[in-house]
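J.: Provide a 3D model corresponding to the input given below.
(one chain, ligands or ions: 2)
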Amino acid sequence: MTRIVTLSATLLVVAVAINYYLASTYISHGRIQKESTYTYNPLAKGQPKLASNSYLRKQFPPRNLEQIGKENATMIMLVRNGELEGALSSMRSLEDRFNREYKYPWVFMNDVPFDEEFIEKTSLMASGKTYYELVPEEHWHPPSYINKTKLDENLNTSTSVLYGFSRSYRNMCHFYSGFFYKQERLLNYEWYFRVDPDVEYMCDFQYDPFQLLRENNKIYGFVIALTEFENTIPTLWQNVEAFIEKYPDLLHSNNALDFLTTHETSITHYMPFTESTTRYNLCHFWSNFEIANLNFFRSEAYETYFRHLSEAGGFHYERWGDAPVHTIGLSLLADKNQIYHFEDIGYYHVPFLACPHSEDVIASKRCICRPRDAFEKMNRTIDVNAHSCLSRWWKYGAGKSFLNEADYRRW
Ligand SMILES: Nc1nc2c(ncn2[C@@H]2O[C@H](COP(=O)(O)OP(=O)(O)OP(=O)(O)O)[C@@H](O)[C@H]2O)c(=O)[nH]1
Ligand SMILES: [Mg+2]
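T.: Ligands and ions are numbered 1, 2, ... in the order given. Modelled structure (predicted):
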């Protein structure tokens, strides 16, 4: 009897010790400390079934985060903590369609510090390394030359302007126009892929878009081009004209000014083109999708252009978007043949969808040309809408190339 009691007591002590060891190995002070020899493998025989209070290593299953892609490139996302779900959804889509085969890193930027939940969940969603950067105050808030009273007045009176009421939206557009590429972490990279929360990629990439741009001597890639709401940029074009007059030598000899200034209606499917009151036809590349070279934005020409616009005040006294500002900068300062339309990358950001038109490409690249949140199939992509600027880009930009230059059946 005494022997049985002693044996039971010993077993109990051993069990408690094992339990304590397991718990302390997985979690110490709320943080993962070191790898354990215990790994949960549902395929192995005799493994205990996980209980809800099991301590698993957070990286489950263990992953190698080393970059596979050969380019000096990163994904970037400016995002708020409150947009975590949307950020995860965009990441999941891009990782599945492209990045998990390349493991390029992700750089997240925010005007306030990221919280623990955001950091933990996004790093688990990424296939590669993740970095979390706090945007310096002077890169986010209005510069000293902006008159605060004038800004407040415009915020109060811009009720009919899309996001006209929002101070942070203006900070965001100013940041994406002239500061994202100055963030310290991004100085390590040459290429970026801008990702916004709640977007979706509709096709497998099947190649590295950074490599494609570099090998073909391109500096900027877009998927959607469309017209801007004129009431967000009442004085943008007059300031651009003043810039052209002041710095004529900065314009590239093979620029795409015609893409911005033609008002020809016959190429917009014989429907009326968006009205504009200036020479600018309001065309812009939709900048929530961009794959581009950071050195273009870091160039003296672009910096001079950005400073000129920032000092003119329209980012704050009006609601200039980073999309027309990037587009006009590129169209004036770059060789138009260095701007590339990714016609085989399906992409969706509310409310516009771009998807390849060729049935062969759709099948080979496993495209689903229907966004997750659309109840019905969208049988028109933005490219065939009257306010798309794509046909204008084909005619006045870098022209139109055909998809059979790439052999999709190789994959
Ligand atoms: N950290 C931070 N990110 C922001 C802020 N405002 C916008 N962003 C980010 O900037 C990008 C563009 O902002 P959106 O609100 O999506 O702008 P939009 O695409 O014109 O508007 P939606 O149609 O609502 O998507 C997104 O990646 C946002 O997460 C902000 O105040 N702080
Ligand atoms: Mg958005």
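
J.: Any residues of the stretch 101-250 of the chain in contact with ligand 1? List them.
T.: When proximity is defined as CB under 6 Å from any ligand atom, the stretch 101-250 of the chain approaches ligand 1 at 110, 111, 168, 169, 172, 196, 197. All C-beta atoms are positioned from the backbone trio N, CA, C, and that covers glycine.

J.: can you pull the contacts of the residue positioned nearest the centre of the chain?
T.: For the chain, the residue lying nearest the average C-alpha position, counting by CA atoms, centre = their mean, turns out to be residue 195 (1.5 Å). Counting by CB atoms under 8 Å, 6 or more residues apart in numbering, residue 195 touches 75, 76, 77, 90, 91, 94.

J.: Among the residues you listed, which ones are in helices?
T.: 90, 91, 94 (DSSP state H).

J.: excluding its backbone neighbours, what's nearest the first one?
T.: Ranked by CB to CB, 6 or more residues apart in numbering and with sequence neighbours excluded, the top spatial neighbour of residue 90 is residue 199, at 4.8 Å.

J.: cool, and the last one?
T.: Once flanking residues are discounted, residue 94 sits nearest to residue 201: 5.4 Å by CB to CB, 6+ apart.

J.: what does the second one give?
T.: Counting by CB to CB, 6+ apart, residue 91 lies nearest to residue 125, which is 4.6 Å off, once chain neighbours are set aside.

J.: Who are the contact partners of that neighbour?
T.: Counted by CB under 8 Å, 6+ apart, residue 125 has contacts 88, 91, 92, 95.

J.: Quick one: these as JSON lines, columns for neighbour count too.
T.: Converted to JSON lines, the contacts of residue 125 look like this (neighbours: other CB atoms under 10 Å):
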{"residue": "88", "neighbour count": "17"}
{"residue": "91", "neighbour count": "25"}
{"residue": "92", "neighbour count": "13"}
{"residue": "95", "neighbour count": "20"}
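
J.: TSV for the residues you listed, including distance to ligand 1?
T.: Listed next are the contacts of residue 125 as TSV, based on distance: CB to the nearest ligand atom, whole Å:
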residue	distance to ligand 1
88	13
91	12
92	16
95	17
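
J.: right, and the pair among these with maximum separation?
T.: 88 and 95 (10.1 Å; CB to CB).

J.: now the residues of the stretch 101-250 of the chain next to ligand 1 in JSON lines, with secondary structure?
T.: Below are these laid out as JSON lines (DSSP: H, G, I helix; E, B strand; the rest coil):
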{"residue": "110", "secondary structure": "strand"}
{"residue": "111", "secondary structure": "coil"}
{"residue": "168", "secondary structure": "helix"}
{"residue": "169", "secondary structure": "helix"}
{"residue": "172", "secondary structure": "helix"}
{"residue": "196", "secondary structure": "coil"}
{"residue": "197", "secondary structure": "coil"}
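
J.: For residue 313, which residues are in contact?
T.: 145, 146, 147, 150.

J.: ok, the second one touching residue 316?
T.: Yes: proximity of residue 146 to residue 316 meets the contact threshold set by CB atoms under 8 Å, at 4.8 Å.

J.: Mind checking which of those two has more residues around it?
T.: Neighbour count, other CB atoms under 10 Å: between residue 146 and residue 316, residue 316 has more, with 25 against 17.

J.: any idea which helix or strand comes after the one helix or strand the more buried one maps to?
T.: Applying DSSP states H and E as the criterion places residue 316 in helix 314-317. Scanning forward in sequence from helix 314-317 by DSSP H and E, the next helix or strand is helix 322-333.

J.: Which residues outside whatever helix or strand comes next after that following helix are in contact with it?
T.: Sequence order places strand 339-341 as the next helix or strand after helix 322-333, per DSSP H and E. Outside strand 339-341, the residues that touch it by CB under 8 Å, 6+ apart are 212-213, 216, 218-223, 225, 256, 285, 330-331, 390, 393, 397-398.

J.: So which bits of the stretch 301-411 of the chain are right by ligand 1?
T.: residue 350.

J.: Return the set of residues that bridge with the closest residue to residue 220 other than its chain neighbours.
T.: Among residues not flanking residue 220 along the chain, residue 292 sits closest, at 4.3 Å (CB to CB, 6+ apart). For residue 292, the beta-bridge partners under DSSP bridges are residue 192, residue 220.
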